[in-house]
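Visitor: Pasting the sequence and the predicted coordinates here, then a few questions.
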Amino acid sequence: MDLIITSDGTRIFYKDWGPKDARPIVFHHGWPLSSDEWDNQMMFFLERGFRVIAHDRRGHGRSTQSGEGNDMDTYADDVMQLARVLDLRDAIHVGHSTGGGEVARYVARAEPGRVSMAVLISAITPVMIRKDSNPAGLPIEIFDGYRRAVAQNRAQAYLEIASGPFYGFNRPNAVPIEGAIRNWWRQGMMGGIKAHYDCIRVFSETDLTEDLKAIDVPVLVLHSEDDQVVPFAASGPLAVKLLRRGTIKSYVDLPHGMPTSHPEIINADIMDFIDRE
């Protein structure tokens with residue numbers, strides 16, 4: 001099993017496939033998942049000659065079930081250490097949901113030459129929670145509900161999230177994909193409850209406004225107007241306005257988990273962005 005040991009002793013699991021001299025793409029998963037979220041994208045880009053990399057965030061998947069360091073600064077620092085160990089240069093960083101926030105924080109702070117472009121998919125940027133500076137955000141009661149559900153019975157909570165809003169299976173005429181639901185639940189239950197509970201604050205309250213402003217590489221923002229987890233109006237359009245070199249592509253009716261539910265669309269749009277840039 002491929003692991004790095006971070007400066008605080010945390011074991012971070014990662015996958016690294018393809019020629020080491022090929023252009024690297026690094027995938028950052030959402031809450032409470034793991035690098036397995038990116039199975040389709042890893043295979044798609046590997047077959048097209050890229051070096052594909054994905055890690056399990058601390059507290060998630062096969063990484064250490066950490067009780068400490070479950071915050072965005074530490075997440076980004078873990079990525080920085082991974083990039084050094086793997087000697088990643090001119091990498092493309094792709095993040096989904098919480099992973100999109102991780103990408104924004106990391107790319108804004110990355111060492112020179114490490115990053116060439118980024119993609120934010122259904123990302124939590126710039127900030128999710130409602131406050132004076134973000135009146136369109138979600139009320140804290142929404143996230144308190146997540147916390148209660150995780151603390152009381154996360155197995156049931158994860159099943160309900162995957163069966164409902166995450167993939168849009170609660171929409172009229174939607175056809176649930178049983179494998180996607182079970183795989184979401186499996187990934188979630190692999191991680192540690194403490195890290196997952198802490199991460200709710202990370203994805204809801206971390207303000208990434210200044211990070212977005214600091215990024216100087218091209219960034220593609222992909223977001224659906226029917227996202228039931230990270231509402232479109234308070235995320236995608238606001239994020240792209242803060243980016244120096246941002247481009248947004250929106251969808252009318254795709255779900256929050258669109259990299260898994262509609263990989264043929266998302267993969268093609270990422271590939272087109274890479275080819276254009």
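Guide: Arrived safely.
Visitor: Would you mind listing the buried residues in stretch 179-195?
Guide: 180-181, 183-185, 187-188, 190-192, 195 (16 or more other Cβ atoms under 10 Å). Using the backbone N, CA and C atoms, a C-beta is placed for each residue, glycine as well.
Visitor: Which of these fall in strands?
Guide: Assigned to strands by DSSP state E, none of the buried residues of stretch 179-195 qualify.
Visitor: Which ones among these map onto helices?
Guide: Members of those lying in helices (criterion: DSSP state H): 180-181, 183-185, 187-188, 190, 195.
Visitor: Closest to Gly145 out of those residues?
Guide: Of all those, Gly188 has the smallest distance to Gly145: 16.6 Å, by Cβ to Cβ.
Visitor: Against Gly59, how distant is the closest one?
Guide: For Gly188, the distance to Gly59 (Cβ to Cβ, to the nearest Å) stands at 12 Å.
Visitor: Please enumerate the shared neighbours of the two.
Guide: Here Gly188 and Gly59 share the contacting residues His196, scored by Cβ atoms under 8 Å, 6 or more residues apart in numbering.
Visitor: give me phi/psi at the residue of the chain positioned farthest from its centre?
Guide: In the chain, the residue that sits farthest from the middle, by Cα atoms, centre = their mean, is Asn173; the gap is 27.5 Å. Phi and psi for Asn173, reported as degrees, to the nearest 10, are phi 70, psi 10.
Visitor: For it, give its distance to Asp253.
Guide: Distance of Asn173 to Asp253, given as Cβ to Cβ: 11 Å.
Visitor: Setting aside sequence neighbours, what's the nearest residue to the residue nearest the centre of the chain?
Guide: Residue closest to the average C-alpha location in the chain (Cα atoms, centre = their mean): Gly99, at 2.1 Å. Nearest residue to Gly99, sequence neighbours excluded (Cβ to Cβ, 6 or more residues apart in numbering): His28, at 3.3 Å.
Visitor: Might you report the residue contacts of Met128?
Guide: Listed by Cβ under 8 Å, 6+ apart, the contact set of Met128 reads 137-138, 143, 203-205, 230, 234-235.
Visitor: again, only this time at 7 Å
Guide: Taking Cβ atoms under 7 Å, 6 or more residues apart in numbering, we find Met128 in contact with 137-138, 203-204, 230.
Visitor: My guess is Phe45 contacts Ile25. True?
Guide: Yes: using Cβ atoms under 7 Å, Phe45 is in contact with Ile25, at 5.3 Å.
Visitor: Next, show the common contact partners of these two.
Guide: Shared between the contact lists of Phe45 and Ile25 (criterion: Cβ under 7 Å, 6+ apart) are residues Val52.
Visitor: burial count for the nearest residue to Ile92 once chain neighbours are set aside?
Guide: With Cβ to Cβ, 6+ apart as the criterion, Ile92 has its nearest non-adjacent residue at 4.6 Å, and that residue is Ile25. Applying other Cβ atoms under 10 Å, we find 27 residues neighbouring Ile25.
Visitor: Ile25 belongs to a strand, doesn't it?
Guide: Yes: Ile25: assigned to a strand according to DSSP: H, G, I helix; E, B strand; the rest coil.
Visitor: Quick check: phi and psi at Met16.
Guide: You called it Met, but residue 16 is Asp. For Asp16, the backbone dihedrals (degrees, to the nearest 10) come out as phi -140, psi 100.
Visitor: Look up how far Arg84 lies from it.
Guide: Asp16 sits 14 Å away from Arg84, going by Cβ to Cβ.
Visitor: So for these two, which residue has more residues nearby?
Guide: Taking other Cβ under 10 Å, Asp16 and Arg84 do not tie; Asp16 has more neighbours (17 against 12).
Visitor: So that one sits against Ile53, correct?
Guide: Yes: the pair Asp16 and Ile53 qualifies as a contact (Cβ under 7 Å) at a distance of 5.0 Å.
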